[in-house]
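J.: After the sequence you'll find the predicted model.
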Amino acid sequence: MYIDNSIKKYLDDLSAKTPAPGGGSAAALVAAAGAALMSMVCNFTLGKEKYKHVESDIKKILEKSEQLRTRFQQLVDLDVEAFESKDMQKSLDVPLEVCRLSFEAAGFCPQLMKKGNLNLISDVGCAIECFVAAFACGRINVEINLRNLLEKEKKANIIRELNRNELRLREIRDEVNKYVCEIIRG
């Protein structure tokens, strides 16, 4: 279990001449960092008089970001377990879940950028970049594992879902980046 060990241990093993942890696990770790950034923005927003009017919305985002962070952390290890067990279905399911949850998490960034503490707007920008990267890395791992899936219709459905979500994810990223840059650059 990597999630309960040091980041150094994880990165040492990730860089070693071993097949796991690998890209799917790394994707989950990047997504967990994105969720943690969202939580940080929420925590710096709550309790501030200036943001009192959005406190209930921020609390909901914080609750969701913490749920997502917990699941991404679990996926760091589940990806390693799937690879080591040679369970091809799990090797597909874990990065697919990383993609789905990264897409879901990214959906909170536009709301957080407008309601969160503006002093942390750059962290919202960093969070969206984490989710985009995690989605892309997860997708690569999904696609390599799809080669082993014999059901053509299921393959096609997964690819359609990923294509649709990737397109929307880019739109969210562009929206967040534009807003973040406007705030930062004044």
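T.: In hand now; what should we look at?
J.: Which strands or helices does the longest helix seen in the chain pack on?
T.: The longest helix of the chain (DSSP state H) is helix 152-185. The contact analysis (3 or more Cβ pairs under 8 Å, 6 or more residues apart in numbering; DSSP states H and E) places helix 152-185 against helix 88-106, helix 109-115, helix 121-146. (Glycine included, C-beta is placed from N, CA and C.)
J.: and it with helix 88-106, angle?
T.: Taking axes from the mean of the first three to the mean of the last three Cα atoms, to 10 degrees, one finds helix 152-185 and helix 88-106 inclined to each other by 30 degrees.
J.: Direction-wise, compare helix 152-185 with helix 121-146 and give the angle.
T.: Going by the same axes, to 10 degrees, helix 152-185 is angled at 160 degrees with respect to helix 121-146.
J.: starting at the chain centroid, how far to helix 152-185?
T.: 12 Å (Cα atoms, centre = their mean, to the nearest Å).
J.: again with stretch 105-115
T.: 13 Å.
J.: Can you mark which positions in it are buried?
T.: 105-106, 108-110, 112-113, 115 (16 or more other Cβ atoms under 10 Å).
J.: same check, this time on stretch 43-54
T.: Taking 16+ other Cβ under 10 Å as the criterion, stretch 43-54 shows 44-46, 51, 54 as buried.
J.: buried set for the longest helix of the chain?
T.: Going by 16+ other Cβ under 10 Å, helix 152-185 has these buried residues: 158, 162, 165-166, 169, 172-173, 176-177, 179-180.
J.: Then stretch 65-84?
T.: Buried, per 16+ other Cβ under 10 Å, within stretch 65-84: 65, 68-69, 71-80, 82-83.
J.: circling back: and of the buried residues of stretch 105-115, the nearest to Glu153?
T.: Ala106 (27.5 Å; Cβ to Cβ).
J.: Can you verify my assumption that that closest one contacts Ile128?
T.: Yes - counting by Cβ atoms under 8 Å, Ile128 is a contact partner of Ala106 at 5.8 Å.
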